[in-house]
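S.K.: heads up, no residue letters with this:
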């Protein structure tokens, strides 16, 4: 079979995404001087608004945020139970046995996690009808992976340094990495994406601040009537001519082209996203190298073509209105060539007890005189004890919406939420009810999900998700002395072990399981 090569991505798309990230990150960066200017006020308002929205979220969900932080500092034992209630008396006769099994079954995931010591135990078990399923357990530390199976007393383990050897014994044509670094699973505070974001916010925020011309910014006072409130605002405008826009983009591309640290961090992000956190998965390095080759060549092609092929006849126009250091209104427009104009028009009022916004994202095709608009609205209300929220996304005749009510009594939050989808043909709503309690050293939650009106041909069924977490002293890790090291076995040793030890035990276990299930 011919070996498949990693799919090469669109250079333009990759570059566009990265540049969009850079511009957004630069707008929210902080590196300001004491002396105020329209440019500094503009950029400070961007950052202040992001910080304000973040703080409002942390204040409303302070208990949940604190519990999430606790899990990074102390070992936590967490249990997740998934079950269903299928209680429809009108269900088809052929489905009644399945209904009985569903109502008496559950899946249980248990994890004990210590972020500081880099130790994890993950187990899965449950029941199917009245038949219990014994747990399979994974244990991972910075160097080793252990596996305990329900049908054998043996604990199997492989050291990350032996991964390549084991793979070659199983597949003589294996050409992937020699080692796996399990420690990357635990670097929640040092993820590649986080490192990349921090670097971009700092390095490219400073760069954009320096490159944006002071004369492009203007300031004036303006009164607004916003959501029934009269506000005194500072109107801050940024107007870049076509040439200024081209110069800025070209300078940005050249900096990225010469920035080896940026490329290294970007490559780490690509690998991380494709492997779920384990850097040395087979093929991940090669795929990332291919993408970075596309990226490098695409950057140069973009630089060479900007003057001739990039047409921004109206430049870039961006205006924000600032009240009490926070953006309350925004207008953005750019025309690409003579055919497409992109606009963003929006207003928002982020107050402690209510956050409201209305944003229109508009694309105008001047060739065909067509306008495509996406509208995003929101109204979040919270007085410290009770809240009522609505959000809607409108695209042509399609509406996706969220509505929810919740209350907080001490540490317990109770909520009723719904997500709906409407168009000219369908009307669908997912109902999400539940409650959650977050104490200093523990947390419990109960969630119920169901479809309003039931599921076609199935009827009413509710999915239950119950979670529980508590602080524990430590993760009880297996020891290598009491485990079978499959990472150092030869192909013949591995085959003999599986054939003589594992398969007979699996056969006996599966036969007993199927017998119990048949007699259910």
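M.R.: Here it is on my side, so go on. This one's a predicted model, so the numbers in the text were calculated from it and none came from an experiment.
S.K.: within the helices and strands, which one has residue 120?
M.R.: Assessed by DSSP states H and E, residue 120 sits inside strand 119-128.
S.K.: next structured bit after that strand?
M.R.: strand 131-140.
S.K.: any idea of the mean pLDDT in that following strand?
M.R.: Across strand 131-140, pLDDT averages out at 88.
S.K.: please apply the same query to stretch 174-187.
M.R.: 77.
S.K.: now do the buried residues in the strand holding residue 120.
M.R.: Buried residues in strand 119-128, defined by neighbour count with 16 or more other Cβ atoms under 10 Å: 119-126, 128. Using the backbone N, CA and C atoms, a C-beta is placed for each residue, glycine as well.
S.K.: excluding chain neighbours, what is closest to residue 82?
M.R.: residue 107 (4.5 Å; Cβ to Cβ, 6 or more residues apart in numbering).
S.K.: angle of the helix or strand where the one you found lies against strand 119-128?
M.R.: Counting by DSSP H and E, the element that carries residue 107 is strand 106-114. Angle of strand 106-114 versus strand 119-128, following axes from the mean of the first three to the mean of the last three Cα atoms, to 10 degrees, is 170 degrees.
S.K.: contacts for strand 106-114 next, please.
M.R.: Strand 106-114 is contacted by residues 71, 74-83, 119-127, 135, 472, 474-476 when judged by Cβ atoms under 8 Å, 6 or more residues apart in numbering.
S.K.: over to stretch 230-245?
M.R.: Stretch 230-245 is contacted by residues 38-39, 41-42, 45, 212-213, 216-225, 248, 311-323, 328-329 when judged by Cβ under 8 Å, 6+ apart.
S.K.: only the buried subset of those, as a PyMOL command please.
M.R.: Buried residues among the contacts of stretch 230-245 (16+ other Cβ under 10 Å), as a PyMOL selection:
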select buried, resi 38+39+41+42+45+212+216+217+224+248+312+315+316+318+319+320+321+322+323+328+329
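S.K.: return the subset of the contacts of stretch 230-245 lying in helices.
M.R.: The helices, defined by DSSP state H, take in 38-39, 41-42, 45, 248 from the contacts of stretch 230-245.
S.K.: sheet partners, orientation included, of the strand holding residue 120?
M.R.: strand 106-114 (antiparallel), strand 131-140 (antiparallel) (DSSP bridges).
S.K.: those strands: which one's closest to residue 347?
M.R.: strand 106-114 (42.9 Å; Cβ to Cβ).
S.K.: which parts of the closest one are buried?
M.R.: 106, 108-114.
S.K.: what about stretch 151-165, how long is it end to end?
M.R.: Counting by Cα to Cα, to the nearest Å, you get 26 Å between the two ends of stretch 151-165.
S.K.: do stretch 177-196 as well
M.R.: Note: stretch 177-196 ends 24 Å apart using Cα to Cα.
S.K.: what are the buried residues along that stretch?
M.R.: Under the neighbour-count criterion of 16+ other Cβ under 10 Å, stretch 177-196 has 177, 180-187, 192, 195-196 buried.
S.K.: out of those, who's nearest residue 153?
M.R.: residue 182 (24.1 Å).
S.K.: and the helix or strand residue 415 falls within, what does it pack onto?
M.R.: Under the criterion of DSSP H and E, residue 415 resides in strand 412-422. Under the contact criterion of 3 or more Cβ pairs under 8 Å, 6 or more residues apart in numbering; DSSP states H and E, strand 412-422 touches strand 398-409, strand 427-438.
S.K.: would you turn those into a markdown table with mean pLDDT?
M.R.: Formatted as a markdown table, these follow (pLDDT from 0 to 100):
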| stretch | mean pLDDT |
| --- | --- |
| strand 398-409 | 97 |
| strand 427-438 | 95 |
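S.K.: could you save those as TSV and add columns showing mean neighbour count?
M.R.: Formatted as TSV, the helices and strands packed on strand 412-422 follow (neighbours: other Cβ atoms under 10 Å):
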stretch	mean neighbour count
strand 398-409	16
strand 427-438	16
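S.K.: to residue 386, which of those strands lies closest?
M.R.: Set against residue 386 and scored by Cβ to Cβ, the helices and strands packed on strand 412-422 come closest in strand 398-409, at 4.8 Å.
S.K.: other SSEs contacting that closest one?
M.R.: Short answer (3+ Cβ pairs under 8 Å, 6+ apart): strand 398-409 packs on strand 386-395, strand 412-422.
S.K.: save the ones you listed as a markdown table, and put in mean pLDDT too.
M.R.: Shown next, in a markdown table, are those (pLDDT from 0 to 100):
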| stretch | mean pLDDT |
| --- | --- |
| strand 386-395 | 97 |
| strand 412-422 | 96 |
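S.K.: okay, residue 360: pLDDT?
M.R.: 97.
S.K.: tell me the strands beside the helix or strand encompassing it, with direction?
M.R.: Assigned by DSSP H and E, residue 360 belongs to strand 354-365. Strands that pair with strand 354-365, judged by DSSP bridges, come out as strand 340-350 (antiparallel), strand 370-382 (antiparallel).
S.K.: flag every buried residue along that strand.
M.R.: Buried residues in strand 354-365, counted by 16+ other Cβ under 10 Å: 355-358, 361, 364.
S.K.: got the angle between it and strand 386-395?
M.R.: Using the same axes, to 10 degrees: strand 354-365 against strand 386-395 is 0 degrees.
S.K.: pull the distance from strand 354-365 to the chain's centre.
M.R.: 23 Å (Cα atoms, centre = their mean, to the nearest Å).
S.K.: what's it in contact with?
M.R.: So strand 354-365 is contacted by 53, 56, 227, 330, 339-349, 370-382 (Cβ under 8 Å, 6+ apart).
S.K.: just the buried ones out of those residues, please.
M.R.: Of the contacts of strand 354-365, these count as buried by 16+ other Cβ under 10 Å: 56, 227, 330, 341, 343, 345-349, 375-380, 382.
S.K.: returning to what we had before: how about the buried residues of strand 106-114 in CSV, adding pLDDT and distance to residue 204?
M.R.: Listed next are the buried residues of strand 106-114 as CSV, based on pLDDT from 0 to 100; distance: Cβ to Cβ, whole Å:
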residue, pLDDT, distance to residue 204
106, 93, 49
108, 95, 46
109, 95, 40
110, 96, 43
111, 94, 37
112, 95, 40
113, 94, 34
114, 93, 36
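S.K.: max pairwise distance over those: which two?
M.R.: 106 and 114 (26.6 Å).
S.K.: tell me the phi and psi of residue 153?
M.R.: When quoted as degrees, to the nearest 10, the phi and psi of residue 153 stand at phi -80, psi -20.
S.K.: next: residue 177.
M.R.: Torsion angles, degrees, to the nearest 10, at residue 177: phi -70, psi 150.
S.K.: coming back round to it: I'd like the strands paired with strand 354-365 as CSV, with distance to residue 97 appended.
M.R.: Shown next, in CSV, are the strands paired with strand 354-365 (distance: least, Cβ to Cβ, whole Å):
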stretch, distance to residue 97
strand 340-350, 54
strand 370-382, 46
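S.K.: for these, give me JSON lines that also has distance to residue 440 and mean pLDDT.
M.R.: Listed next are the strands paired with strand 354-365 as JSON lines, based on distance: least, Cβ to Cβ, whole Å; pLDDT from 0 to 100:
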{"stretch": "strand 340-350", "distance to residue 440": "30", "mean pLDDT": "94"}
{"stretch": "strand 370-382", "distance to residue 440": "23", "mean pLDDT": "95"}
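S.K.: for the biggest helix by length in the chain, packing partners?
M.R.: Using DSSP H, we find that the single longest helix of the chain is helix 284-309. Helices and strands touching helix 284-309, by 3+ Cβ pairs under 8 Å, 6+ apart, are helix 11-27, helix 242-258, helix 260-275.
S.K.: helices or strands up against the last one?
M.R.: Spelled out, that is helix 260-275. Packed next to helix 260-275, using 3+ Cβ pairs under 8 Å, 6+ apart, are helix 192-199, helix 284-309.
S.K.: looking at those, which is closest to residue 95?
M.R.: The nearest among these, by Cβ to Cβ, is helix 284-309 at 43.2 Å.
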